[in-house]
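Peer 1: here is my input, please return the structure:
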Amino acid sequence: MISIVTPLYNKGDRFAETLQSALQQTFEEFELLVVNDGSTDGGEQIAKRCNDPRVRVIDQPNAGVAAARNTGIAAARFPLIAFLDADDLWDPDYLACQMSLVQEFPEASVFGCAYRRISRSIHVPKPVFPVPEGFRGLLTEPWGPKGCTMLWTSALVVKKDALETVGLFDRRIAYGEDLDLWFRLLLQYKAAFQNKVLASYIHDAAQKTADVTARIFTRYYPCYIDKFADARRDNAAFRRYYDRGCLERLFPYYASHRQDNDTDRVLAQIDLDEHPASFRFRFRFPRIYCYYCRCIALGRAVLKRLTH
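Peer 2: Okay, here's the model as predicted:
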């Protein structure tokens, strides 16, 4: 048996399709917990009108996606938790394939699969998974290139006791709250993965490509680097992986001259010499690096116009 947790906030235009993709699973032994996080578009009524007894709707005031997922986890009746965001989709055999992975690798607590990206408005690149085609097994190097980022929320099943042990989603974090939790899980538990596409990530260009410099840094996971102090000290591979992600997310604030005590505090804990020269260059000479990037972008635009 498995509990599906779906946070819902103003996704009524797409939620009906998501709901159907869950209810049409070939594996039918599940409950679906729809956590209505204060929606104002009536999307929760789609679930409330559903005649399927496996569907439960939990209403709460708007508190963000991390809090909504935590509410669903706390209310879950079964030992396995699957996450399905309200605008993403599962193939009909998604749960069946994930459950077979659970049975095959009982020593693991995290179970992932490959997925596709879909956009109705822009081209999105095909995800690249750093495992062979048809791979099915334990992840032995989660801190290698793209190792942890191959795990995506709507293509993941996690044992509930593991979630409770590492502390669920951090409600302080609005951007990267999922990565923050995957880091904590993979530092303590094994993960199994199957390189089979079973889910669809619906890319909403209007909502998911917002300018990073408009985001409050204290709502971003790099701001909480201190919570991983022990793991960064004791696990060099994790430190390099985590710190590189922090650097990538920190730089837009430097490029837009929005440095503050928090960004300075995070950068002070990262050894730039452990990372490629491009990182050292961009942080030591941010204006020159930005000028270089603008020149490259302009050159590509001119070349594209000339070749068309």
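Peer 1: what residue ranges in this structure score low on pLDDT?
Peer 2: The model of the chain has pLDDT under 70 over residues 120-125, 145-148, 204-214, 257-259, 308.
Peer 1: longest single strand anywhere in it?
Peer 2: The residue-count maximum for a strand in the chain (DSSP state E) belongs to strand 191-202.
Peer 1: list the buried ones in it?
Peer 2: Neighbour counts over strand 191-202 (16 or more other CB atoms under 10 Å) mark 191, 192, 193, 194, 195, 196, 197, 198, 199, 200, 201, 202 as buried. (C-beta placed from N, C-alpha, C; glycine too.)
Peer 1: quick one: the helices in this protein?
Peer 2: 12-23, 44-48, 65-75, 94-104, 160-166, 177-188, 205-208, 229-234, 236-255, 261-268, 277-284, 286-307 (DSSP state H).
Peer 1: can you say which of these is nearest to residue 29?
Peer 2: Of all the helices of the chain, helix 94-104 sits nearest to residue 29, with 8.7 Å by CB to CB.
Peer 1: what's the offset of the closest one from the middle of its chain?
Peer 2: In terms of CA atoms, centre = their mean, to the nearest Å, the centre of helix 94-104 is found 20 Å from the chain centre.
Peer 1: and that helix with helix 12-23, angle?
Peer 2: Using axes from the mean of the first three to the mean of the last three CA atoms, to 10 degrees, the direction of helix 94-104 lies 50 degrees away from that of helix 12-23.
Peer 1: compute the inter-axis angle for helix 94-104 and strand 191-202.
Peer 2: 170 degrees.
Peer 1: list the buried residues of helix 94-104.
Peer 2: Judged by neighbour count using 16+ other CB under 10 Å, the buried positions of helix 94-104 are 94, 95, 97, 98, 99, 101, 102.
Peer 1: now render the helices of the chain as JSON lines, adding distance to residue 133.
Peer 2: Below are the helices of the chain laid out as JSON lines (distance: least, CB to CB, whole Å):
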{"stretch": "helix 12-23", "distance to residue 133": "25"}
{"stretch": "helix 44-48", "distance to residue 133": "37"}
{"stretch": "helix 65-75", "distance to residue 133": "31"}
{"stretch": "helix 94-104", "distance to residue 133": "16"}
{"stretch": "helix 160-166", "distance to residue 133": "28"}
{"stretch": "helix 177-188", "distance to residue 133": "23"}
{"stretch": "helix 205-208", "distance to residue 133": "27"}
{"stretch": "helix 229-234", "distance to residue 133": "32"}
{"stretch": "helix 236-255", "distance to residue 133": "24"}
{"stretch": "helix 261-268", "distance to residue 133": "37"}
{"stretch": "helix 277-284", "distance to residue 133": "30"}
{"stretch": "helix 286-307", "distance to residue 133": "31"}
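Peer 1: I'd like to know which of these is closest to residue 30.
Peer 2: Smallest distance to residue 30 across the helices of the chain (CB to CB): 6.5 Å, for helix 94-104.
Peer 1: residues in contact with stretch 131-139?
Peer 2: Contacting residues not belonging to stretch 131-139 are listed as 101, 104-105, 107-108, 129, 147, 150, 186, 190-196 [CB atoms under 8 Å, 6 or more residues apart in numbering].
Peer 1: do the same with stretch 269-281
Peer 2: With contacts defined as CB under 8 Å, 6+ apart, stretch 269-281 is touched by 225-226, 232, 239-240, 243-244, 246-247, 283-284, 288-289.
Peer 1: out of these, which two sit at the greatest distance?
Peer 2: Taking every pair in the contacts of stretch 269-281 and measuring CB to CB, the maximum separation is 30.6 Å, between 226 and 288.
Peer 1: surely residue 94 and residue 197 touch.
Peer 2: No: using CB atoms under 8 Å as the test, residue 94 is too far from residue 197 to be in contact (9.9 Å).
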